[in-house]
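Asks: Just to be clear, the model below is a prediction. Sequence and coordinates:
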Amino acid sequence: MRISHSEKGYTLLFVLVTLSVLSVLALATIGISLQSSRLTEIRETDITVNQDAKNKLKEALLQLDAVTKKFDSNALFQLISKPTEFQPLLGNKIKIIDQFNQEKAPTNEVLLLWNKQQDNNVLKTLDLYIVSTIKKGDQPRIRKTYSQRVYLSAIPNFLYYVLGSSSKVTLQGSPYITGNIYSKQPLKVTATPDFKYKEVDDSLSETRKMYRNISAHPYVNGKIKVSTNEKSLLHCSDFLECQDTSNHSKVFRASGKTQLLAINDQFIDFDYLFSLNDFLSLPSPYNFHDGTLENVQSQLSTALSQNNFIPYIPKGFLDDLSKEKLVKSKNGEPVTIASNISTSLSSNAPLIIDGDLNIYSTGTSENPLIVSRPLIVNGDLLIQGHVEFSSIIFSLGKSTLQDAVIQKPQNSTNSLVLLSKGPVLINRINSFKPIQNSTANPLFDLEAFIYSDSPDITKIFGVGSTLSLKGGIFTKGELELNAYRGTFSKNDFTNRNDLIVEMVKGEQDDPATFKSDNADRLQLDYDASVLKSAGIMPKNKYVQLFVESPKIQIP
């Protein structure tokens with residue numbers, strides 16, 4: 001069969017068109033591949049810029065952290081304010097600048113800007129910047145600016161916890177706790193609380209064994225951080241759930257979000273003498289060098305009597321305490337404060353009591369005694385009655401809170417920070433007022449952060465009384481909480497045996513009320529508002545470095 005010339009022409013045309021289409025598709029595919037390859041290269045360059053910037057920030061942070069470990073907080077904070085002295089310590093990792101100008105910032109060099117607006121005596125804020133720029137071949141220039149905020153904090157670690165001990169925390173019975181707990185040794189939990197009733201300690205008597213409620217579990221809504229090398233983080237007894245060694249979390253009430261954690265980060269113990277000397281600014285050689293309670297009291301008395309940097313006023317009772325700097329006890333009798341005390345001096349000027357101090361209030365919650373000035377007590381401290389505090393107190397002896405109601409003034413974030421060199425006793429006698437859980441009742445018996453530097457055990461009782469605290473309790477020695485959970489049909493007991501009978505009767509006769517969180521007799525709730533108030537903040541000796549995540553800034 002013969003093919004005409006016209007048909008041959010159509011075939012040739014079809015082949016040419018097909019080849020043209022295929023060529024266009026091939027060119028398009030090649031173009032897309034080239035464009036994709038270019039975008040991939042740009043993306044790789046972008047990732048390189050980001051990673052290089054982050055790596056240099058990490059190197060700078062390591063260098064900054066190494067510097068902080070060489071100095072105490074006072075020396076370090078002074079150095080930061082003197083760039084000519086601080087810069088050489090940073091080597092070639094960081095350059096200190098007065099202000100950051102993104103356009104004029106050098107490439108790939110970490111810059112440090114001291115954020116003075118957020119500074120105070122216990123916290124320094126630093127901003128790190130790095131401008132990273134890369135241009136490869138015919139790619140567009142990629143420029144990224146990263147910033148990272150760094151905090152150098154001399155705030156004592158214990159202020160971050162509702163409960164803690166540099167030794168061991170023991171929960172006996174069923175306290176109600178909201179906030180984080182720190183224990184250097186494994187936490188101990190038992191269903192059997194000790195008793196403290198009308199100043200009689202029944203912990204060694206047979207009456208203790210008469211009450212043991214294995215169904216009244218402690219409530220902990222927070223993290224329990226244990227710094228130990230032991231395999232077990234929790235030592236448990238009496239509760240049936242203690243038999244299940246694979247899951248100790250059953251010991252705590254399910255309604256609380258309890259996390260039991262082993263921590264590797266360094267916990268910096270509070271240096272009491274450093275903080276006290278910093279607060280008083282005692283001249284050398286009168287700064288404290290011996291940490292025993294008796295020697296610290298003696299050293300302070302010597303410094304006060306042999307130097308004129310603080311006027312000596314030998315009065316036992318004063319009408320206008322706002323004008324005084326130092327009060328000496330008369331004939332060894334305690335100094336008594338029974339009227340409001342504030343300061344007409346600088347906000348941090350303390351009133352120094354060279355002897356024992358009783359803060360005694362006969363007022364009610366509507367008319368409390370008001371203390372809004374720092375106090376240094378070179379002796380024992382006793383607080384009784386309704387008192388509103390906006391103050392820090394250094395007590396160089398033992399500290400007793402006897403039937404005290406301590407709260408912060410209205411419209412104030414400051415309350416009481418009590419730092420006791422000696423042991424602390426919180427004692428409430430025969431107080432069984434109804435209380436509600438912390439979310440429903442904003443009023444607490446105590447609004448304070450309390451620290452004891454004594455190696456002796458500190459015991460808190462919510463068995464022979466009712467006690468609620470907003471703030472925190474931390475001790476150098478072992479800290480033990482004893483708590484009963486249940487209601488009472490009467491508010492007064494003639495003897496401890498009647499109290500125990502009523503406790504057992506309460507849980508048998510009214511199980512629904514007993515199981516409610518409102519039946520907790522000892523409640524602790526963490527309050528972080530004190531961290532916002534540098535005026536009543538003690539300063540720790542060593543500094544910790546806190547780092548925010550790096551943030552990218554688009555030019």
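Replies: All right, it came through fine.
Asks: Now the residue positioned nearest the centre of the chain: closest residue in space, sequence neighbours ignored.
Replies: Residue closest to the mean C-alpha point of the chain, counted by C-alpha atoms, centre = their mean, is residue 160 at 1.0 Å. Closest residue to residue 160 apart from its sequence neighbours, by C-beta to C-beta, 6 or more residues apart in numbering: residue 180 at 7.0 Å. Where you see a C-beta, it was placed from the backbone N, CA and C, and this is true even at glycine.
Asks: again with residue 521
Replies: With C-beta to C-beta, 6+ apart as the criterion, residue 521 has its nearest non-adjacent residue at 4.2 Å, and that residue is residue 462.
Asks: can you check residue 72 too?
Replies: Residue 72 sits nearest to residue 541 (C-beta to C-beta, 6+ apart), 5.0 Å away.
Asks: And for residue 52?
Replies: residue 132 (5.5 Å).
Asks: is it true that that neighbour touches residue 109?
Replies: No - between residue 132 and residue 109 there is no contact under C-beta atoms under 8 Å: 9.6 Å.
Asks: Comparing the two, which shows the higher neighbour count?
Replies: The residue with more neighbours, out of residue 132 and residue 109, is residue 132; 22 against 17, by other C-beta atoms under 10 Å.
Asks: pLDDT wise, what is that one at?
Replies: pLDDT, residue 132: 79.
Asks: low-confidence ranges in the stretch 51-200 of the chain?
Replies: Within the stretch 51-200 of the chain, the segments meeting pLDDT under 70 span 135-141, 196-200.
Asks: where do the strands sit along it?
Replies: Remark: strands assigned in the stretch 51-200 of the chain by DSSP state E, counting those that start in this stretch are 95-97, 111-114, 123-134, 142-153, 163-165, 169-173, 176-178, 181-183, 187-190, 196-197, 200-201.
Asks: is it possible to export the ones you listed to JSON lines including distance to residue 21?
Replies: Converted to JSON lines, the strands of the stretch 51-200 of the chain look like this (distance: least, C-beta to C-beta, whole Å):
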{"stretch": "strand 95-97", "distance to residue 21": "61"}
{"stretch": "strand 111-114", "distance to residue 21": "58"}
{"stretch": "strand 123-134", "distance to residue 21": "41"}
{"stretch": "strand 142-153", "distance to residue 21": "38"}
{"stretch": "strand 163-165", "distance to residue 21": "78"}
{"stretch": "strand 169-173", "distance to residue 21": "80"}
{"stretch": "strand 176-178", "distance to residue 21": "74"}
{"stretch": "strand 181-183", "distance to residue 21": "75"}
{"stretch": "strand 187-190", "distance to residue 21": "77"}
{"stretch": "strand 196-197", "distance to residue 21": "96"}
{"stretch": "strand 200-201", "distance to residue 21": "99"}
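Asks: Tell me which of those strands sits nearest to residue 239.
Replies: Shortest distance between residue 239 and the strands of the stretch 51-200 of the chain, using C-beta to C-beta, is found for strand 187-190: 7.2 Å.
Asks: In the sheet, which strands lie alongside the closest one, parallel or antiparallel?
Replies: Sheet pairing here is set by DSSP bridges, and for strand 187-190 it gives strand 169-173 (parallel), strand 234-237 (parallel).
Asks: Of those, which is nearest residue 446?
Replies: Closest to residue 446 of those is strand 169-173 (C-beta to C-beta; 18.3 Å).
Asks: With just CA atoms, put that closest one into CSV.
Replies: Output of strand 169-173 as CSV, limited to C-alpha atoms (Å, rounded to 0.1, in the frame of the first residue of the first chain):
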residue,chain,number,x,y,z
VAL,A,169,11.3,15.3,104.7
THR,A,170,8.9,13.0,106.6
LEU,A,171,5.1,13.1,106.1
GLN,A,172,3.3,11.4,109.0
GLY,A,173,-0.4,11.1,108.6
